[in-house]
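**Student:** kindly generate the corresponding structure for this input.
(one chain, ligands or ions: 2)
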Amino acid sequence: MSSSSKSQPSAPVYKVPGLDPEEMDRVADQTFQRYSSSSVKRNGKGVAVVWFRNDLRVLDNEALYKAWVSSREVLAVYCVDPRLFGSTHYFGFPKTGALRAQFLIECLADLKKNLMKRGLNLLIQHGKPEEILPSLAKVFGAHTVYAQKETCSEELNVERLVRKGLQRVVLPSSSAQSSGPSSTNNPKLQLLWGTTMYHIDDLPFDTLSLPDVYTQFRKSIEAKCAVRGCIKLPASLGPPPSIGDWGCVPSLDQFGLQSPNVSKGMKFVGGESAALGRVNEYFWKKDLLRIYKHTRNGMLGPDYSTKFSPWLASGSLSPRFIDEEVKRYEKERQANDSTYWVLFELIWRDYFRFLSAKYGNSLFHLGGPRNVEHRWSQDKILFESWRDGRTGYPLIDANMKELSTTGFMSNRGRQIVCSFLVRDMGIDWRMGAEWFETCLLDYDPCSNYGNWTYGAGVGNDPREDRYFSIPKQARTYDPEGEYVVYWLPQLESLTKEERNFPGRAYMKQVVPLKFGNTSRHQNQDKALAARGTNFGGRQTKGQRR
Ligand SMILES: Cc1cc2nc3c(=O)[nH]c(=O)nc-3n(C[C@H](O)[C@H](O)[C@H](O)COP(=O)(O)OP(=O)(O)OC[C@H]3O[C@@H](n4cnc5c(N)ncnc54)[C@H](O)[C@@H]3O)c2cc1C
Ligand SMILES: Nc1ncnc2c1ncn2[C@@H]1O[C@H](COP(=O)(O)OP(=O)(O)OP(=O)(O)O)[C@@H](O)[C@H]1O
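**Tutor:** Ligands and ions are numbered 1, 2, ... in the order given. Reported below is the predicted structural model:
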């Protein structure tokens, strides 16, 4: 069947959140009001810099809070670091694809707007933080640069260089924050924990002795720690230092990228206002939180899951705010397994973040944290058929097309395409992880490489090793072929049952499935899985969730 055999009605594009800009601003303003406090007092002096990184928000931002409390003027800065627009480490894909770059631009524009509403501004500078921040600290006599702490080596390296750069700046003694004989007059770098729902200082164990098994980790933190409340700030944070040119929000051509056209699927709106809008829409307006656990394995449209991840990854949304909203919903509407399950999933996110602190760079290495030896292929043609959605398996191809068109893929889809690349194709999992790094709006090194090492069977938890059978996944999660037909309209003329199993009516399959791909093979598939038989000598344990 040829893809052009029939003219297709154009598929809908879903804006996420589906609110108009005025409604988004109204929700954001109301939320800011609820989280404003006039009782917080400022007792500092001079200028403090807040260096925004992956914490592009005003609400519940400890770096911003500390900068405000410790100063008379806050200089808010974002550095557009050219390294973010280089290449991925091993395979040289674009480090940030156009869709995420566009999302970042929208986050910056919104952050600037929200800071201005509070009497501040955002200085946007192009260059390396280790060059920009020391020079700003010197010009403004800033006593401290506050920023959110990261855990992966690329970001840790930048932190180290910024600290070194600041040590070379000598301030006049009147600018120094501390006094006393031992104080030096260099601006300090103060890094604050802020990415997770549970605070690192509240964990019942040291990160180096973090439990390797997720369930142990979750049970332990649920029993022994509480999520901290969101940090409140006064409504007005000004004045900012006097600056003639605050710099413009960058455009895509400044990154050498072309404007992406989201012609199908979901178009996510970047920024904190959109993030708060989405929480409001998903929890309160559409009342979807009450059924989340039963819909979360879907693949099509904005409503089967929260879609919070792009804003969480850029830091436009605080996980502690989500926790507080879940608790508020449970009080005002209802508490059930679905309301809890959003928090359960956020604990996965915490877990991967803390694991990166425990396992360091091994998360990015071929053998993963367990240093598993295995022969992987780097077959370019096979990889490209996966990347471009030309494998001959509609479920894989539809998911890969969604990823490259929108920058998003469901959790179900990610697990399926990961298993297919790694287990059916036998391709080096890092190729898949780096392609995800390029494309995902919600790219986060810890969640991405953590999930890939898991899926590839090289993760820290040896019990969690899974093979996803494509026919079984298709029958369970896309029984009527609705998802595949959305992304592959050439399948529309087939019956619902045929859409995921089109045979010759679609393209040739580039590889056979490890455990067969017809119903005839299903029993064999189960039998093999039950015996733990798998390629590469790893154990098959069924699926996680
Ligand atoms: C191979 C692979 C790569 C992935 N890469 C990323 C990534 O780079 N960034 C990212 O944020 N997530 C990643 N995930 C996890 C998950 O797929 C996404 O977080 C989820 O699909 C986002 O959609 P949502 O916000 O609607 O999720 P929901 O189902 O609504 O879940 C709520 C939140 O819980 C967190 N969460 C849910 N599942 C996971 C998980 N398995 N691991 C970590 N956090 C989770 C996310 O923050 C998510 O926003 C990856 C999963 C796989 C299998
Ligand atoms: N934020 C990040 N996003 C993606 N990859 C990251 C991030 N931080 C660190 N890495 C990866 O961690 C690895 C660290 O490489 P580095 O050279 O620093 O140490 P290494 O342990 O000697 O690794 P290698 O021997 O593979 O070069 C690289 O693969 C790098 O891309």
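**Student:** the closest residue to ligand 1 within the stretch 1-150 of the chain: neighbour count?
**Tutor:** Relative to ligand 1, the nearest point of the stretch 1-150 of the chain is residue 16 (9.5 Å; CB to the nearest ligand atom). Heads up, the C-betas are built off the backbone N, CA and C, glycines and all. As a burial measure, residue 16 scores 24 neighbours (other CB atoms under 10 Å).
**Student:** residues contacting residue 107?
**Tutor:** Counting by CB atoms under 8 Å, 6 or more residues apart in numbering, residue 107 makes contact with 56, 270-272, 314, 316.
**Student:** what's the distance between it and ligand 2?
**Tutor:** 17 Å (CB to the nearest ligand atom, to the nearest Å).
**Student:** going forward, count from 56.
**Tutor:** That works, and once the first residue is 56, the last one we named lands at residue 162.
**Student:** wait, is that residue part of a helix?
**Tutor:** Yes - Residue 162: assigned to a helix according to DSSP: H, G, I helix; E, B strand; the rest coil.
**Student:** so what pLDDT did it get?
**Tutor:** Looking at residue 162, its pLDDT reads 98.
**Student:** and stretch 241-252, end to end?
**Tutor:** 33 Å (CA to CA, to the nearest Å).
**Student:** and that stretch, what's buried?
**Tutor:** Buried positions in stretch 241-252, judged by neighbour count with 16 or more other CB atoms under 10 Å: 241-247, 249-252.
**Student:** does at least one residue of that stretch sit close to ligand 1?
**Tutor:** No - Stretch 241-252 does not reach ligand 1 (CB under 6 Å from any ligand atom); its nearest approach is 9.3 Å.
**Student:** avg pLDDT for that stretch?
**Tutor:** 97.
**Student:** one step back: go back to the contacts of residue 162 and keep what's next to ligand 2.
**Tutor:** Counting by CB under 6 Å from any ligand atom, no member of these is near ligand 2.
**Student:** got a markdown table for the residues you listed, with neighbour count and pLDDT too?
**Tutor:** A markdown table is the format used below for these (neighbours: other CB atoms under 10 Å; pLDDT from 0 to 100):
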| residue | neighbour count | pLDDT |
| --- | --- | --- |
| 111 | 27 | 98 |
| 325 | 24 | 98 |
| 326 | 29 | 98 |
| 327 | 27 | 98 |
| 369 | 28 | 98 |
| 371 | 30 | 98 |
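**Student:** let's see which of the residues you listed end up in helices.
**Tutor:** 327, 369 (DSSP state H).
**Student:** tell me where the stretch 256-405 of the chain has strands.
**Tutor:** All strands of the stretch 256-405 of the chain, identified by DSSP state E, counting those that start in this stretch, fall at 320-323.
**Student:** show me the shaky parts of it.
**Tutor:** Of all residues in the stretch 256-405 of the chain, none has pLDDT under 70.
**Student:** the helix or strand where residue 171 lies vs ligand 1: in contact?
**Tutor:** Residue 171 is part of helix 153-172, with elements assigned from DSSP states H and E. No - residues of helix 153-172 are not located near ligand 1 by CB under 6 Å from any ligand atom, the shortest gap being 10.4 Å.
**Student:** in that helix, what's buried?
**Tutor:** For helix 153-172, the neighbour count (16+ other CB under 10 Å) marks 153-170, 172 as buried.
**Student:** so how far is that helix from its chain's centroid?
**Tutor:** Chain-centre distance of helix 153-172: 16 Å, with CA atoms, centre = their mean, to the nearest Å.
**Student:** same deal with stretch 240-256?
**Tutor:** 20 Å.
**Student:** quick one: end-to-end length of it, please.
**Tutor:** Start-to-end, stretch 240-256 (CA to CA) is 29 Å.
**Student:** residues near residue 547, how many?
**Tutor:** 16.
**Student:** give me the phi and psi for it.
**Tutor:** Listed backbone geometry of residue 547 is phi -60, psi -30, with angles given as degrees, to the nearest 10.
**Student:** same check, this time on residue 284
**Tutor:** Residue torsions, per degrees, to the nearest 10, at residue 284 are phi -70, psi 160.
**Student:** need the contact list for the closest residue to ligand 1 within the stretch 106-255 of the chain.
**Tutor:** When distances are taken as CB to the nearest ligand atom, the stretch 106-255 of the chain reaches nearest to ligand 1 at residue 252, 9.3 Å away. Going by CB under 8 Å, 6+ apart, residue 252 touches 282, 374-375, 377-378, 398, 401-402, 404-405.
**Student:** one more: residue 180?
**Tutor:** 132-135, 187, 191, 302.
**Student:** run through the bridge partners of it.
**Tutor:** residue 134 (DSSP bridges).
**Student:** per-residue pLDDT of it, please?
**Tutor:** 96.
**Student:** and it, how far is that from residue 189?
**Tutor:** Using CB to CB, to the nearest Å, residue 180 is found at 12 Å from residue 189.
**Student:** give me the common contacts of these two.
**Tutor:** Counting by CB under 8 Å, 6+ apart, residue 180 and residue 189 have no contacts in common.
**Student:** burial measure for residue 396, as a count.
**Tutor:** Neighbours of residue 396 (other CB under 10 Å): 16.
**Student:** where do the helices of the stretch 56-205 of the chain begin and end?
**Tutor:** 76-89, 117-124, 153-172, 184-195 (DSSP state H, counting those that start in this stretch).
**Student:** ok and the third one relative to helix 76-89, angle-wise?
**Tutor:** Here helix 153-172 points in a direction 50 degrees away from that of helix 76-89 (axes from the mean of the first three to the mean of the last three CA atoms, to 10 degrees).
**Student:** residue contacts, residue 176?
**Tutor:** Contacts of residue 176 (CB under 8 Å, 6+ apart): 131, 167, 170, 295, 298, 301.
**Student:** any idea which of those residues is closest to ligand 2?
**Tutor:** For the contacts of residue 176, the nearest to ligand 2 is residue 131 (22.9 Å; CB to the nearest ligand atom).
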